[in-house]
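Novice: Take a look and give me a structure for this.
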Amino acid sequence: MTPRMGSVGSMRTGIGVEIAFTKWGGIPHWRYVVEALGQDEYGWWYGGRAGIPMQRGHEAPIIQGHDFVTLVPAAGRWIANWNDQRETRVEIYVDVTTPPIRDDHTVRAVDLDLDVVRLRDGSVEVLDEEEFAEHQVRHRYPAEVITQALATTGDLVELITKRIEPFGAVGDAWLSGFTR
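Specialist: So this is what the prediction gives:
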């Protein structure tokens, strides 16, 4: 699979697109601006450069330490990041979310706490299960949101562990094309 970079469909590449996560109830979470890269059968791809500011809620921004690419899936309840290997031991980081909503300028999703990561050694881990359990009660997640988040997490663990696309070569190809 070769990434199709450039103008694809209605996506104008090279423009800044804000990724805006909230927590349940509209509580501000992570926000940062990435570059539109293109689209393939898996969804829409964006690139973030080392040095971009990233802000969580109302905290002071931090500076991103490495390049990465982000996939907003055509179908799914997650947003995935592939990290440049020089700076982090986390190869792939996937946030379990509500279905992402995107337009030419913004991608929005509610972060449902659970994350699935693949480390450079190939191991796959689920993160923030305690936070998910706590937020189910505190924020009164509807039963269908809980069920869907758990199902999505299970599906992601299988896809990432077995390196089923886009978690095989596809994400790496987009990252390679962006970082060269």
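
Novice: Distance-wise, check the nearest residue to Ile92 once chain neighbours are set aside relative to Leu156.
Specialist: Spatial nearest neighbour of Ile92, excluding adjacent residues (C-beta to C-beta, 6 or more residues apart in numbering): Arg118 at 4.4 Å. C-beta here means a position set from N, CA and C on the backbone, and glycine is covered the same way. Per C-beta to C-beta, to the nearest Å, Arg118 is found 10 Å from Leu156.

Novice: Who has more neighbours out of those two?
Specialist: Per other C-beta atoms under 10 Å, whichever of Arg118 and Leu156 has more neighbours is Leu156, with 26 against 21.

Novice: how about the more buried one, what does it touch?
Specialist: Counting by C-beta atoms under 8 Å, 6 or more residues apart in numbering, Leu156 touches Trp78, Val94, Val96, Val116.

Novice: Narrow the residues you listed to those in helices?
Specialist: Applying DSSP state H to these, no entry is found in helices.

Novice: Can you pick out the most distant pair from those?
Specialist: Farthest pair in those (C-beta to C-beta) is Trp78 and Val116. Separation: 8.0 Å.

Novice: you'd agree Leu114 is up against Glu130?
Specialist: No. The criterion here is C-beta atoms under 8 Å, and Leu114 misses it with Glu130 at 10.4 Å.

Novice: Pick out whichever of these two has more residues nearby.
Specialist: Legend: neighbour count by other C-beta under 10 Å for Leu114 and Glu130, higher for Leu114 (23 against 9).
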